[in-house]
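**Student:** Make a model of this:
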Amino acid sequence: MPNEKIMDSFSKFGDNKESVDIKNYCYIRNTNDQFRKYWAVVKGNELFCYKEKGAEKFEVMHSLANTFIETAKPF
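**Tutor:** Residues are numbered from 1 along each chain as shown. Sure, this is the predicted structure:
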């Protein structure tokens, strides 16, 4: 795919031109085994999930250190 770019690693914003800025919706399973929609933002080596797009306070943060991310192929 022409617009895809493979990254060797994540880096903090502003560290270099290889910085990763990924923003999109994700779904997180809650304790009732239901999925809730969150706005997800990858900043450096961390994934932040907000209740809604534009929210200032995150609800969930997950470290992506030693994690590999790639685009899923369609079935």
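**Student:** use CA for all of it now, contacts and neighbours both
**Tutor:** Noted.
**Student:** How much space separates the residue nearest the centre of the chain from residue 67?
**Tutor:** The C-alpha lying nearest the average C-alpha coordinate of the chain belongs to residue 42 (CA atoms, centre = their mean; 3.7 Å). Separation of residue 42 from residue 67 (CA to CA, to the nearest Å) stands at 12 Å.
**Student:** Same check on residue 59?
**Tutor:** Distance from residue 59 to residue 67, by CA to CA: 21 Å.
**Student:** Against the centre of the chain, work out the most remote residue.
**Tutor:** The chain, farthest from centre, CA atoms, centre = their mean: residue 32 at 23.4 Å.
**Student:** any idea which helix or strand carries that one?
**Tutor:** When elements are defined using DSSP states H and E, residue 32 is found to belong to no helix and no strand.
**Student:** what do you get for residue 23?
**Tutor:** Since the elements are taken from DSSP H and E, residue 23 ends up inside strand 21-29.
**Student:** ok now that strand, how far from the chain's centre?
**Tutor:** 6 Å (CA atoms, centre = their mean, to the nearest Å).
**Student:** for that strand, packing partners?
**Tutor:** strand 35-43 (3 or more CA pairs under 8 Å, 6 or more residues apart in numbering; DSSP states H and E).
**Student:** If you count neighbours, what's buried in the strand it packs on?
**Tutor:** 38, 39, 40, 41, 42, 43 (16 or more other CA atoms under 10 Å).
**Student:** Give the residue spans of this structure that score low on pLDDT.
**Tutor:** Within the chain, the stretches with pLDDT under 70 are 1-20, 69.
**Student:** rewinding a little: looking at residue 59 and residue 67, which is more packed in?
**Tutor:** Of the pair residue 59 and residue 67, residue 59 is the one with more neighbours under other CA atoms under 10 Å, namely 13 against 9.
**Student:** Okay, that one and residue 29: tell me how far apart.
**Tutor:** Distance from residue 59 to residue 29, by CA to CA: 13 Å.
**Student:** And for residue 66?
**Tutor:** In terms of CA to CA, residue 66 sits 23 Å off from residue 29.
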